[in-house]
Every structure is written in structure tokens, then in C-alpha cells.
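Chemist: Provided below are the primary sequence and the corresponding predicted coordinates.
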Amino acid sequence: MEARAIGDAAAQRSGPQEALGRPEKPPGKAKDGRVLGALEWLGDEHIQRDYQLLEQELQGNNPDLAARTRFVDPLVANYHLRLGSKSVMLSAFQRIVHKNGNDTADFLFVPVSDGGTTREERGTHWSLLFVDRSDRERPVAHHYDSYNGCNDTLAKELAENLGASLETRVGVSRIAQQSNGVDCGVYVVDGTRALVGRLQSQPDNLNLNNLVVNRQALQTRLRGDDTF
């Protein structure tokens, strides 16, 4: 409850707005993330809801991979794993990776926000950290940032908190770049979905340079419509 209250007060927004133009002001935020406007910044509630939907889909289509994959709540990622004290971070990490007392988490999808701990430090940008823990001795993190590495430093800190080395080889962890000031959150959820697909068919290909995001499809998923 405390983490959610903090997150609502410092709602994460997609951007960066100063560089690419200010989007429309959201008419009102749906707490369950079911409503997303045409130019609305994604909040933590939108990402979390789409992650829940993706987890359900994966459990139905590939239960083995689902058991080894974690889609981390954006609020937990920012306020516990990145900004929390060491004890808070470790406790949150253990809750994430363990199921039924066993660490079965080979893959973590972690939204990265540049938000701080106060109302004045609202986030303006989302990116994605994918952590491959299939080799527990050498976890590797891949950072996907749709705005020219805006969150690179934050992602490196978060990867270190998770005990992973950030992949820095050129071209290994790349994603297409956004052309507006509102869609970085869409790149996070669509990039996550693309990587989940790669894990099932092309596990050695983690490059998302050709990713094409679809805000309309995301809006439809969030509403719960049967057809996209």
C-alpha cells in the first residue's frame, strides 16, 4: 500500500516532454490502467496491467517459460529495487524471484523510471531492463531505451542492484527510437512482448532495432476487448 501511494503521488509519465513536445493532459487516470488516451503518457498502472495480461497469456501458451519469467511491477522496480534501502531492495528481490520457496526466475522484465522519491521528482521517461539469470553465476542485463540512452545511468545502477552485469557491446541491447514525446512507455510494453516472443523462438536475437510499436493495440488490450 505504501509503495502504491508513493507511485500515485509521483505518477510516472512518458516523455521526455521538453525535447519532443508536451502531450495532452490526461483527462483522468484509471487506477486499474484500463483507459489510455491517444496522446496520454503511460503511468505505472498502464504498464502493470499490460504486464498482468502478458503473464496470463504466457501461462496459457507456454507455462514452462511463464514459471521462469517475472514481469516486475513498475512501482516495485523504482521505489524498492532502485531507490529502496539495501534491506528493502533485497526483500523485494527475494519476493520476486522465489516461488514456493524456490528461485525459479531465469528472466526478469523490469521497467526503468527516472522518477525520484518526491512529488517534485516525477518521472518523465520509461525504458526497459531485461535481466537474463539463466546462468545464476553470471546474470546479464540488457537495457532498451527508446530515447537515445536517456536512462542508461539509472539502468546500470538498477542492474547492479539486481546482481547483473549490464551488456555494453554495441548493437546487442538496442531498440527502435521513438519519434514523439508520449510513447516511451509503449516501447517498454511492446518491447517486453517482443522479447518474450524471442525467448520462445530466437533466444539469441535480443536486438529490437526493428520494433514497431502499436499504441492502438495497447489501448485495446487495456480495455479488455476481445479483438485487436
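Modeler: Here it is on my side, so go on.
Chemist: chain center to stretch 116-123: distance?
Modeler: Taking CA atoms, centre = their mean, to the nearest Å, the mean C-alpha location of stretch 116-123 is offset from the chain mean by 18 Å.
Chemist: distance between the ends of it?
Modeler: 7 Å (CA to CA, to the nearest Å).
Chemist: what about stretch 84-104, start to end distance?
Modeler: Start-to-end, stretch 84-104 (CA to CA) is 23 Å.
Chemist: now tell me what touches it from outside.
Modeler: 67-68, 70, 72, 76, 80-81, 105, 108, 133, 136, 161-162 (CB atoms under 8 Å, 6 or more residues apart in numbering). The way it works is simple: take the backbone N, C-alpha and C, and place the C-beta from them, glycine included.
Chemist: same question for stretch 50-64.
Modeler: 33, 65-66, 69, 71-73, 109, 189, 192-193, 196, 200, 218, 221-222.
Chemist: and if we set it to 6 Å?
Modeler: 66, 71, 189, 221 (CB atoms under 6 Å, 6 or more residues apart in numbering).
Chemist: which of the residues you listed has the largest number of neighbours?
Modeler: Of all those, the most densely surrounded is Val189 (29 neighbours; neighbours counted as other CB atoms under 10 Å).
Chemist: ok, now how distant is that residue from Leu222?
Modeler: 10 Å (CB to CB, to the nearest Å).
Chemist: on that earlier part again, out of the contacts of stretch 50-64, which are inside strands?
Modeler: Using DSSP state E, the members of the contacts of stretch 50-64 that fall in strands are Phe71.
Chemist: which one of the contacts of stretch 50-64 sits closest to Leu129?
Modeler: Nearest to Leu129 out of the contacts of stretch 50-64 is Phe71 (CB to CB; 12.1 Å).
Chemist: pLDDT score assigned to the closest residue to Phe71 other than its chain neighbours?
Modeler: Among residues not flanking Phe71 along the chain, Tyr51 sits closest, at 3.8 Å (CB to CB, 6 or more residues apart in numbering). pLDDT for Tyr51: 98.
Chemist: make CSV out of the contacts of stretch 84-104 and add pLDDT.
Modeler: Shown next, in CSV, are the contacts of stretch 84-104 (pLDDT from 0 to 100):
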residue, pLDDT
Ala67, 96
Arg68, 97
Arg70, 98
Val72, 98
Val76, 96
His80, 96
Leu81, 97
Ala105, 98
Leu108, 98
Arg133, 98
Arg136, 95
Asn161, 96
Leu162, 97
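Chemist: in CSV: those, plus distance to Lys99 and neighbour count.
Modeler: Compiled in CSV, the contacts of stretch 84-104 are given as follows (distance: CB to CB, whole Å; neighbours: other CB atoms under 10 Å):
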residue, distance to Lys99, neighbour count
Ala67, 7, 15
Arg68, 10, 16
Arg70, 9, 21
Val72, 14, 24
Val76, 16, 22
His80, 18, 22
Leu81, 18, 25
Ala105, 8, 20
Leu108, 13, 23
Arg133, 14, 22
Arg136, 15, 10
Asn161, 21, 19
Leu162, 17, 22
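Chemist: many thanks, we can stop here.
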